[in-house]
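Student: Give me a 3D structure for the following:
(chains A and B)
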Amino acid sequence: SQTIHQWPATLVQPVGSPLSLECTVEGTSNPNLYWYRQAAGRGLQLLFYSVGIGQISSEVPQNLSASRPQDRQFILSSKKLLLSDSGFYLCAWSIKRGYRTDTQYFGPGTRLTVL
Amino acid sequence: QKEVEQNSGPLSVPEGAIASLNCTYSDRGSQSFFWYRQYSGKSPELIMFIYSNGDKEDGRFTAQLNKASQYVSLLIRDSQPSDSATYLCAVTAGGTSYGKLTFGQGTILTVHP
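Tutor: Numbers count the residues shown, from 1 in each chain, chains lettered A, B, ... in the order given. So this is what the prediction gives:
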């Protein structure tokens, strides 16, 4: 069966500090991978998605970046955090079926507070 | 801009009643529709997906899709206090979407004993 991991679970960072959040998927190969952010009391906003190693598409221009150095590893980064970067960061994966959308499964999330 | 709209609630129903959650979407090219449940402080978990017009039942849950009206709903029969959560509607982007979903803001459901 497939499992998705995220770490850390919680993070408190000062404004202007760097960020690195990691997501790994087990039990599947060549998945689509996604990063979402959920601000308090809000819906999910898609930040990045990846269909393969080194292939990253950005949905929202901001001071965040993403990388996929390995097939089942997805990393979200920032060089300098802003207060508005606070939120619940969720990684998700789906089976690749060409253009058809398949179900996305979410990791446990990382709660980031920027002070 | 492609949008997914849900009533934010809170929707309050008594235990044992039917809870009805609604969602409308703007992209006529959308082909796949999902309902997720999210408990406070936790990540979303899939409840159901539906691709075709009509009803799809899974246990106490029924998803209903009407593409002509761009409307999808979720019915929860025999609601339990453990069903109290935020319910997220998600819709695919039309065309070459590579699995991208657009989420609604979510409806908060409270089931009281």
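Student: counting contacts, what elements does the helix or strand that contains residue B:86 pack onto?
Tutor: Using DSSP states H and E, residue B:86 maps to strand B:85-92. Packing partners of strand B:85-92 (3 or more Cβ pairs under 8 Å, 6 or more residues apart in numbering or on different chains; DSSP states H and E): strand B:4-6, strand B:19-25, strand B:33-38, strand B:71-76, strand B:101-103, strand B:107-112. Glycine gets a C-beta too; all of them are placed from N, C-alpha and C.
Student: quick one, which of those is nearest to chain A?
Tutor: Relative to chain A, the nearest member of the helices and strands packed on strand B:85-92 by Cβ to the nearest Cβ is strand B:101-103, separated by 4.3 Å.
Student: Neighbouring strands - and their directions - for the closest one?
Tutor: strand B:85-92 (antiparallel) (DSSP bridges).
Student: list the buried ones in the helix or strand of chain B with the lowest mean pLDDT?
Tutor: One helix or strand of chain B scores below all others by mean pLDDT, DSSP states H and E: strand B:101-103, with a mean of 89. For strand B:101-103, a neighbour-count test (16 or more other Cβ atoms under 10 Å in any protein chain shown) marks B:101-103 as buried.
Student: low-scoring pLDDT stretches of chain B, where are they?
Tutor: Filtered on pLDDT under 70, chain B yields the residue ranges B:1-2, B:94-98.
Student: Can you name the residues of chain B that neighbour chain A?
Tutor: With the criterion set to Cβ under 8 Å from any Cβ of the partner chain, chain B comes near chain A through B:31-32, B:34, B:36, B:41-46, B:49, B:88, B:90, B:92, B:95-106.
Student: contacting residues for residue A:39?
Tutor: By Cβ atoms under 8 Å, 6 or more residues apart in numbering or on different chains, the contact list for residue A:39 reads A:45, A:86-88.
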